[in-house]
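Student: can you look at this prediction? I've put the sequence above it.
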Amino acid sequence: MKVAVVALTKQGIQKGAEVEKALTKRGHQVMFFVPGKYSLLKLPGHRSPFRKPLRDLMAELMHEYEAIVCIMALGIVVRLIAPHLQDKRTDPAVVVLDEKGCNVISVLSGHWGGANGLTSELAREMGANPVITTATDVQGLPAIEMMAKEKGWAVGDFSLVKKVNAAIVNCAPVHLYCDEEINTSLPKNVVQFPVYQFKPTEDAGALRVVVTNRFLPGNSEDTLFLRPKNLVLGIGCRKGVSKAALRDAVIDALAKANVVFESVRAIASVDLKAKEPALLELAGEWNIPVQFYSPGELQKVFSGKESGKLSRSEFVKEKLGVDGVCEPAALLETGNQGKLILPKTSGKGVTVAIAEDI
């Protein structure tokens, strides 16, 4: 985690040096900000003297760092960060430590931003008392967004997270539809079912949490969808294909497979497309990594366990020296352990196949 540590007084700076050392030891990337008038103090670690007003410094840190540890009064920090709060999905974790190192307080983005975890971690390292006030943590209950984060699931409608967590805390019924084993201990009011039992018109009075990469109908007011990142797009295309054609082909393929974009974790293709502008630009816009495989690697898939299910193209064989691109590329990116849930689809110079991790 990229962490900024900020202190104001000599005593705070001494404690900040300990914090910087402890967090660096834990593998965090830490920068220690100290007032310019104390820049000559002999301290270890990475320091950055600041001479601008503290409010201006905090405005910059809120956008540049994943977490901020403030060694100062809690009230000061609340006033400094208040004008810059935007969204719990993007706000950084903010933690406060008193100058004597007695208490570490989780202030902002406790769950999704990681402030609660950082508070506990820092308290252990400093021998301090962790102060965490989120209701689920206080009662020893699971928070639904933390479960999603730990599993790598994308959260659908984030506005429903608060509603689901409130139901968990208040012992209201929550039905969790998930085919994966949940290692977290669930309270009695959270009952797990397999996904195939989900019916959008049932479960009257209960909030529903559905973990699936499939598109399923559901009441937007009482159904939270969590999307596992377990789909790979295998893509082949002609040289110079347009970005619009690629985008349309992917959208069409997802619709045919009845799966959602949020579950796509990677794109795979042949290495001859490693400089294809439209493919690289689209992957960048979507923030999805692209893996390229050689024709030889792709051809090996045609002699594997899925060979009988793969389509072959004489045209592609003649041009690239491999029987096909999109299907073997998708399977290779699953480690050859996945399954094709959508065979090759083609149109407008683009081929798309979808593989699912198993």
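Tutor: Noted; the coordinates are in hand.

Student: every contact and neighbour count from this point should use C-alpha atoms.
Tutor: OK.

Student: hmm, who's touching stretch 75-83?
Tutor: Residues from elsewhere that reach stretch 75-83, judged by Cα atoms under 8 Å, 6 or more residues apart in numbering: 55, 58-59, 62, 70, 96.

Student: for it, the distance to its chain's centre please.
Tutor: Centroid separation for stretch 75-83 versus its chain: 27 Å, with Cα atoms, centre = their mean, to the nearest Å.

Student: quick one: buried residues of it?
Tutor: 77, 80-81 (16 or more other Cα atoms under 10 Å).

Student: helix, strand, or coil at residue 52?
Tutor: At residue 52 the chain is in coil, as set by DSSP: H, G, I helix; E, B strand; the rest coil.

Student: and it, how many residues sit next to it?
Tutor: Using other Cα atoms under 10 Å, residue 52 has 10 neighbouring residues.

Student: ok, it to residue 35 distance?
Tutor: Look at residue 52 and residue 35: by Cα to Cα, to the nearest Å, they are 9 Å apart.

Student: check residue 66 too.
Tutor: From residue 66 over to residue 35 (counting by Cα to Cα), the distance is 21 Å.

Student: next: residue 144.
Tutor: With Cα to Cα as the criterion, residue 144 and residue 35 are 40 Å apart.

Student: lowest-confidence helix or strand of this structure?
Tutor: The helix or strand of the chain with the poorest confidence is helix 314-320; it has a mean of 81 (mean pLDDT, DSSP states H and E).

Student: going by distance to residue 341, which of the buried residues of stretch 75-83 wins?
Tutor: Using Cα to Cα, residue 81 comes nearest to residue 341 of the buried residues of stretch 75-83, at 46.6 Å.

Student: that closest one: which element?
Tutor: Assigned by DSSP states H and E, residue 81 belongs to helix 74-81.

Student: next structured bit after that helix?
Tutor: strand 93-97.

Student: for that next one, packing partners?
Tutor: Strand 93-97 is packed against strand 67-71, strand 103-108, helix 115-126, with contacts defined by 3 or more Cα pairs under 8 Å, 6 or more residues apart in numbering; DSSP states H and E.

Student: do that again at 6 Å, thanks
Tutor: strand 67-71, strand 103-108 (3 or more Cα pairs under 6 Å, 6 or more residues apart in numbering; DSSP states H and E).

Student: tell me the confidence at residue 323?
Tutor: For residue 323, the pLDDT comes out at 85.

Student: you'd agree it is up against residue 315?
Tutor: No - the pair residue 323 and residue 315 fails to qualify as a contact (Cα atoms under 6 Å) at a distance of 8.4 Å.

Student: between the two, which one's more packed in?
Tutor: residue 323 (22 against 12).

Student: the more buried one belongs to a strand, doesn't it?
Tutor: No - under three-state DSSP, residue 323 falls outside any strand and is assigned coil.

Student: quick one, phi/psi of it?
Tutor: Here is the backbone geometry of residue 323 (degrees, to the nearest 10): phi -70, psi -20.

Student: contacts only, for it.
Tutor: Going by Cα atoms under 6 Å, 6 or more residues apart in numbering, residue 323 touches 312-313, 317.

Student: residue 218 versus that one, what's the distance?
Tutor: Counting by Cα to Cα, the gap from residue 323 to residue 218 is 41 Å.

Student: residue 181 too?
Tutor: In terms of Cα to Cα, residue 181 sits 23 Å off from residue 218.

Student: of these two, which one has the most company?
Tutor: Taking neighbours as other Cα under 10 Å, residue 181 and residue 218 compare with residue 218 leading, 16 against 7.

Student: contacts only, for that one.
Tutor: For residue 218, the contacting residues are residue 200, by Cα under 6 Å, 6+ apart.

Student: that one belongs to a helix?
Tutor: No - counting by three-state DSSP, residue 218 is not found in a helix; it is coil.

Student: element containing the nearest residue to residue 242 once chain neighbours are set aside, please.
Tutor: Distances taken as Cα to Cα, 6 or more residues apart in numbering place residue 278 nearest to residue 242, at 5.9 Å, with adjacent residues excluded. Under the criterion of DSSP H and E, residue 278 resides in helix 277-286.

Student: what would the contacts of residue 323 look like in JSON lines with distance to residue 356 and neighbour count?
Tutor: As requested, those are exported to JSON lines (distance: Cα to Cα, whole Å; neighbours: other Cα atoms under 10 Å):
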{"residue": "312", "distance to residue 356": "20", "neighbour count": "16"}
{"residue": "313", "distance to residue 356": "23", "neighbour count": "11"}
{"residue": "317", "distance to residue 356": "25", "neighbour count": "15"}
